[in-house]
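> Sequence below, structure please.
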Amino acid sequence: MMRSEKIPVNAWIRIFIVSCPLFLFCASGHAEQYAWNFHDPRTALQWKAVDGSLERRASGSVVVRGNNTFWLVSPSNLNIPQKVSYVEFELKAPVTYVSGYIVVRSLDHRTWQKEFQLGTPGRFHIYRVNIREGNADNASIDSFAFAFGGLHEVELNYVRCYEPSFIDLVRIYWGDFWSASYPKASSVNFIETPPIGKISFPAMVYLSLALFALLMILVRKGTDKGALMRSLVISFIAAGMLFALRMDYAWYTTWRLDRASLSGKDLDERISYVEGTGAYDFAQSIKKAIPSGETVKIYAGALDGKLKYYLLPLMVSRWATYVVVFKDAAVSFDAAGNVLKKNNEIVANDVQLIRTFGKEGFLYRIPETSRK
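Purely as a prediction, here's the structure:
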């Protein structure tokens with residue numbers, strides 16, 4: 001009778017290490033992809049700019065320019081199937097702290113959008129965005145578009161849609177792990193942790209802790225109480241170091257963005273740049289145009305709260321002498337009758353337009369007899 005022998009733990013580890021590259025190689029195949037390389041002049045003609053202009057450079061890239069929000073729209077009737085879930089593109093922008101959007105349109109005429117954050121300004125970066133998130137019915141995609149606001153131009157080298165292989169997903173998740181979100185007001189005491197696919201960062205830390213402990217027990221070939229405690233202590237230290245490394249890297253990324261974008265600017269320029277909507281600059285101009293001690297009424301849509309804060313120490317009042325309007329499409333001014341309306345409801349009569357600030361900012365004065 002043959003005697004069966006147990007395979008040593010070290011042998012199992014060697015088998016695992018040797019089999020991983022073979023598995024990755026077998027799983028690295030690419031499915032059908034849709035690609036547009038703008039180095040080919042014919043490719044640029046398939047895309048179009050909306051509310052902007054498109055120019056092809058001698059280097060082979062395309063530059064899209066616009067004043068406010070502008071779009072770069074893909075060819076239509078693409079019929080991209082469900083398995084093709086990612087859009088990858090190489091893009092350079094002159095600013096950061098601004099988000100771009102990919103707006104997707106399905107064959108059944110539904111639309112959804114995905115946000116991406118611009119990287120360090122003045123350099124090409126490769127972005128990968130999952131456009132299937134938000135596609136509740138898993139419908140085929142007819143077309144998609146890039147939308148930009150708060151900047152005047154972007155430059156692209158290529159765009160491609162593809163079904164990610166195992167290697168692609170590892171690359172995407174690894175990139176997501178080191179991708180730090182823009183600083184917010186809460187960033188003084190808190191930095192968002194990155195997801196790894198659909199797994200949260202804390203869950204990954206706990207998983208790594210368990211794997212560290214299990215690996216040390218296997219290597220030590222023992223499960224006595226002392227070995228178990230040593231394994232847990234070392235695993236907690238390793239998991240804590242991983243967490244600290246990722247958080248410190250997020251602060252380093254924030255510093256790099258600040259250094260590239262804000263160095264050489266004074267305080268007002270820094271606030272204006274990071275704020276991004278133009279509300280801060282508009283508020284500073286309004287405070288210079290209104291006498292101190294006066295009150296204002298604000299119509300600024302989603303920017304109402306932000307503009308109210310930036311206008312301090314000017315106070316907001318229902319019976320204000322002045323009305324400020326900023327990026328609020330619901331408000332209109334009838335110059336012939338001097339009537340200010342919001343959604344066809346009269347706000348005030350005998351209104352005097354004092355000053356305009358570009359195409360989206362206005363300052364009005366209301367006589368005392370017309371205030372309500």
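
> From here on, just use CA atoms for contacts and neighbour counts.
Will do.

> Okay, buried residues for stretch 64-72 please.
Within stretch 64-72, the residues that count as buried by 16 or more other C-alpha atoms under 10 Å are 64-66, 70-72.

> what's the helix or strand for Phe144?
Phe144 is part of strand 141-148, with elements assigned from DSSP states H and E.

> Just the CA coordinates for that strand, please, in PDB.
Coordinates of each C-alpha in strand 141-148 appear next as PDB, following Å, rounded to 0.1, in the frame of the first residue of the first chain:
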ATOM      1  CA  ILE A 141     -25.300  52.500 -26.300                       C
ATOM      2  CA  ASP A 142     -26.100  54.700 -29.200                       C
ATOM      3  CA  SER A 143     -23.600  57.500 -28.600                       C
ATOM      4  CA  PHE A 144     -21.800  59.400 -25.800                       C
ATOM      5  CA  ALA A 145     -20.300  62.800 -25.300                       C
ATOM      6  CA  PHE A 146     -17.800  64.600 -23.200                       C
ATOM      7  CA  ALA A 147     -19.100  67.700 -21.400                       C
ATOM      8  CA  PHE A 148     -16.800  70.400 -19.900                       C
END
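
> which element follows that strand toward the C-terminus?
Next along from strand 141-148, by DSSP H and E: strand 153-162.

> That next one packs against which elements?
strand 33-37, strand 62-65, strand 86-92 (3 or more C-alpha pairs under 8 Å, 6 or more residues apart in numbering; DSSP states H and E).

> Ok, which of those strands comes nearest Asp334?
Checking the helices and strands packed on strand 153-162 against Asp334 by C-alpha to C-alpha gives strand 62-65 as the closest, at 32.3 Å.

> So what are the sheet partners of the closest one and their directions?
Strand 62-65 has the following strand partners under DSSP bridges: strand 53-56 (antiparallel), strand 153-162 (antiparallel).

> Extract the C-alpha set from it and format it as PDB.
Extracted C-alpha coordinates of strand 62-65, given in PDB (Å, rounded to 0.1, in the frame of the first residue of the first chain):
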ATOM      1  CA  VAL A  62      -7.700  67.500 -31.300                       C
ATOM      2  CA  VAL A  63      -8.400  70.700 -29.300                       C
ATOM      3  CA  VAL A  64     -12.000  71.500 -28.300                       C
ATOM      4  CA  ARG A  65     -12.700  75.100 -27.200                       C
END
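
> still on that earlier bit, with Gly149 as the reference, name the closest of the helices and strands packed on strand 153-162.
Closest approach to Gly149 among these (C-alpha to C-alpha): strand 62-65, 10.5 Å.

> centre of the chain versus that closest one, how much separation?
20 Å (C-alpha atoms, centre = their mean, to the nearest Å).

> which residues are contacting it?
By C-alpha atoms under 8 Å, 6 or more residues apart in numbering, the residues outside strand 62-65 that reach it are 38, 44, 49, 52-57, 72, 152-157.

> mind redoing it with 6 Å?
Here strand 62-65 makes contact (C-alpha atoms under 6 Å, 6 or more residues apart in numbering) with 52-56, 152-156.

> Stretch 40-47 now?
By C-alpha under 6 Å, 6+ apart, stretch 40-47 touches 38, 73-75.

> what separates that stretch from the chain centre, distance-wise?
Using C-alpha atoms, centre = their mean, the offset of stretch 40-47 from its chain centre is 27 Å.

> Just the buried residues of that stretch, please?
44, 47.

> What of stretch 121-133?
Neighbour-count burial for stretch 121-133 [16+ other C-alpha under 10 Å]: 121-122, 124-125, 127-132.

> Which of those residues fall within strands?
The strands, defined by DSSP state E, take in 125, 127-130 from these.

> Check which helix or strand Trp71 maps to.
strand 70-73.

> sorry, back to before: can you tell me the average pLDDT over the strand holding Phe144?
The average pLDDT for strand 141-148 rounds to 91.

> where's that strand relative to the chain centroid, distance-wise?
On C-alpha atoms, centre = their mean, the centre of strand 141-148 falls 16 Å from that of its chain.

> what's near enough to touch the residue nearest to Ala35 when sequence neighbours are not counted?
Using C-alpha to C-alpha, 6 or more residues apart in numbering and skipping residues adjacent in sequence, the residue nearest Ala35 is Arg160, 4.0 Å away. Taking C-alpha under 6 Å, 6+ apart, we find Arg160 in contact with 34-35, 87-88.
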